[in-house]
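S.K.: Need coordinates for the following:
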Amino acid sequence: MSGSSPRLLIAASGTGGHVFPAVAIAEQLKDYEVEWLGVPDRLEVQLVGNHYRLHTIRVAGFQGKPGLNTLKTLGKLIKSIWQVRRILQQGQFSGVFTTGGYIAAPAILAARSLGLPVILHEANALPGKVTRFFAPWCSEVAIGFAAAAQHLKGKGLMTGTPVRGQFLQESSPLWDLQIPEAVPLIVIVGGSQGAVAVNRLIRQCAPAWVEKGIWMVHLTGEADPEQGSFQHPHYVERPFYNNMASLLLRASLAISRAGAGTLTELAMTQTPSILIPYPFAAEDHQAYNAKVFVEAGAAEMFRQEQLLPETLQTLVLDLLNSPDRDRMAKQAASLAVPDSAHQVAQLIREQLSNSQ
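M.R.: Now for the predicted structure:
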């Protein structure tokens, strides 16, 4: 890429919910020279390190009551702001794009101290604390759910949340899973964070489901102490699966946490779902996300602590034999924004060109 191309620093770190949308947007910005701001030993090191120049800083969120740790965190924040300022100055960047989280704070403060535009994308229906506090400092805030706007003091342009490229392509066969074509398939997406309770619940229900000829692909996450404890020819257990787009397109029903990224993928694949929000998510934001799908008629939601195996067992069997499932699929599709990455990329171009 030529040295005359405008330069953009993307600050996205930690979870797939922050990193995957940022990658999708970066792929739209072929006319920009993109570099990345992340944290050592986080997901972005694996995902973007070979594709974009990666700058790393150490930063943490303010947790618990004020005390000594608060001062240490404040010290790290001040240091990280100066580090990002230096990166922006030395690289002659035209602006910053961030998907929120802890890394957004130093990125936003450093950019604004230099008079550079900042575009932020917030995927959750209830914006995080960093987004709510710093939204007024940003040139523009793109949102994944319209419900987020009420928390952002007049900011918030509805764009949806970008998805990985595989969700915009034709599906490919799931040869490695060897699932017969005509059978009902449940896909369970526990996620890597807090999935153990969901995994346990699924294994309690699984014997009744396989008895009815139902197949399952259970994505357990990496930290599952009970992996392998239930086995059956109709039950496929994996820590994760790369071809999620084709898997969800094949699914008759999904049972899932309610992270914004996962919900976006369920909408894109028109997959009816039973949502079990992660109960320890910051400010219970997964429940707010799930509520959007429930109100649209795209999903049913249950609190983890209230969901008994017998309830889930019966609900799944009823849904698989009900016309309601087709209605839920159509309503899920109504929440999809297929050109989200393009919309956010255009927003970035507009804001950066306006500031020149």
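S.K.: Tell me how many other residues crowd residue 203.
M.R.: Neighbour count for residue 203, taken as other CB atoms under 10 Å: 20. No exception for glycine: its C-beta is placed from N, CA and C like everyone else's.
S.K.: I misspoke; the intended subject was residue 351.
M.R.: Residue 351: 18 neighbours (other CB under 10 Å).
S.K.: Do me a favour and get the end-to-end distance for stretch 169-187?
M.R.: Distance between the boundary residues of stretch 169-187 (CA to CA, to the nearest Å) amounts to 20 Å.
S.K.: Numbering from 53 from now on, please.
M.R.: New numbering, starting at 53: the last item is stretch 221-239.
S.K.: Mind listing what's buried along that stretch?
M.R.: 226, 229, 231, 236, 237, 238, 239 (16 or more other CB atoms under 10 Å).
S.K.: any idea where the strands of this protein begin and end?
M.R.: 59-63, 85-90, 105-108, 147-150, 170-174, 192-195, 209-210, 237-241, 267-271, 287-290, 305-308, 325-327, 351-353 (DSSP state E).
S.K.: where are the low-confidence patches of the stretch 303-408 of the chain?
M.R.: 408 (pLDDT under 70).
S.K.: same question, the chain
M.R.: 53-55, 112-123, 125, 243-246, 408.
S.K.: could you pull out the helices for it?
M.R.: Assigned by DSSP state H, the helices in the chain fall at 68-80, 95-100, 120-143, 156-165, 181-186, 248-263, 296-302, 312-320, 337-348, 361-372, 376-386, 392-406.
S.K.: For the closest residue in space to residue 247 that isn't next to it in sequence, the count of nearby residues, please.
M.R.: Of all residues not flanking residue 247 in the chain, residue 273 sits nearest, at 4.1 Å (CB to CB, 6 or more residues apart in numbering). Using other CB under 10 Å, residue 273 has 20 other residues around it.
S.K.: for the one 5 residues further on, same thing?
M.R.: Residue 278 is surrounded by 11 other residues when neighbours are defined as other CB under 10 Å.
S.K.: quick one: contacts for it?
M.R.: 248, 251, 252, 255 (CB atoms under 8 Å, 6 or more residues apart in numbering).
S.K.: Give me the neighbour count for the third one.
M.R.: Residue crowding around residue 252 was assessed by other CB under 10 Å; the count is 15.
S.K.: how far away is the residue nearest to residue 110 when sequence neighbours are not counted from residue 349?
M.R.: Once flanking residues are discounted, residue 110 sits nearest to residue 128: 6.1 Å by CB to CB, 6+ apart. For residue 128, the distance to residue 349 equals 45 Å [CB to CB, to the nearest Å].
S.K.: Ok, residue 269 next?
M.R.: Distance of residue 269 to residue 349, computed by CB to CB: 25 Å.
S.K.: Show me which of these two is the more surrounded one.
M.R.: Remark: of residue 269 and residue 349, residue 269 carries more neighbours, 22 against 15, as counted by other CB under 10 Å.
S.K.: Can you verify my assumption that that one contacts residue 241?
M.R.: No: using CB atoms under 8 Å, residue 269 makes no contact with residue 241, being 9.3 Å away.
S.K.: Contact partners for the nearest residue in space to residue 367 that is not next to it in sequence?
M.R.: Closest residue to residue 367 apart from its sequence neighbours, by CB to CB, 6+ apart: residue 326 at 6.6 Å. Each residue near residue 326 by CB under 8 Å, 6+ apart is listed here: 305, 306, 307, 308, 351, 352, 353, 354, 364, 367, 368, 371.
S.K.: Who is the fourth one paired with across the strands?
M.R.: Residue 308 has the following beta-bridge partners by DSSP bridges: residue 241, residue 327.
S.K.: what about it, distance to residue 337?
M.R.: 15 Å.
S.K.: likewise the fifth one?
M.R.: According to CB to CB, residue 351 stands 16 Å off from residue 337.
S.K.: These two: which has the busier surroundings?
M.R.: residue 351 (26 against 20).
S.K.: Would you check that the more buried one makes contact with residue 342?
M.R.: Yes: counting by CB under 8 Å, residue 342 is a contact partner of residue 351 at 6.7 Å.
S.K.: Identify the contacts common to those two.
M.R.: residue 327.
S.K.: and the two most separated of the contacts of residue 278?
M.R.: 248 and 255 (10.8 Å; CB to CB).
S.K.: Is residue 57 in contact with residue 82, as I believe?
M.R.: No: counting by CB under 8 Å, residue 82 is not a contact partner of residue 57; they are 9.4 Å apart.
S.K.: Pick out whichever of the two has more residues nearby.
M.R.: residue 57 (14 against 10).
S.K.: which non-adjacent residue is nearest the more buried one?
M.R.: residue 85 (4.6 Å).
S.K.: How many residues are close by the one you found?
M.R.: 20.
S.K.: ok so, going back, can you put the strands of the chain in a markdown table and add distance to residue 140?
M.R.: As requested, the strands of the chain are exported to a markdown table (distance: least, CB to CB, whole Å):
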| stretch | distance to residue 140 |
| --- | --- |
| strand 59-63 | 6 |
| strand 85-90 | 9 |
| strand 105-108 | 10 |
| strand 147-150 | 7 |
| strand 170-174 | 11 |
| strand 192-195 | 18 |
| strand 209-210 | 24 |
| strand 237-241 | 37 |
| strand 267-271 | 38 |
| strand 287-290 | 41 |
| strand 305-308 | 38 |
| strand 325-327 | 39 |
| strand 351-353 | 41 |
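S.K.: So what does residue 144 look like in phi/psi?
M.R.: phi 50, psi 50 (degrees, to the nearest 10).
S.K.: Could you report the distance from the closest residue to residue 95 other than its chain neighbours to residue 343?
M.R.: Spatially, and ignoring its direct neighbours in sequence, residue 95 is nearest to residue 71 (5.3 Å; CB to CB, 6+ apart). Distance of residue 71 to residue 343, given as CB to CB: 25 Å.
S.K.: Right, I'll call it a day here.
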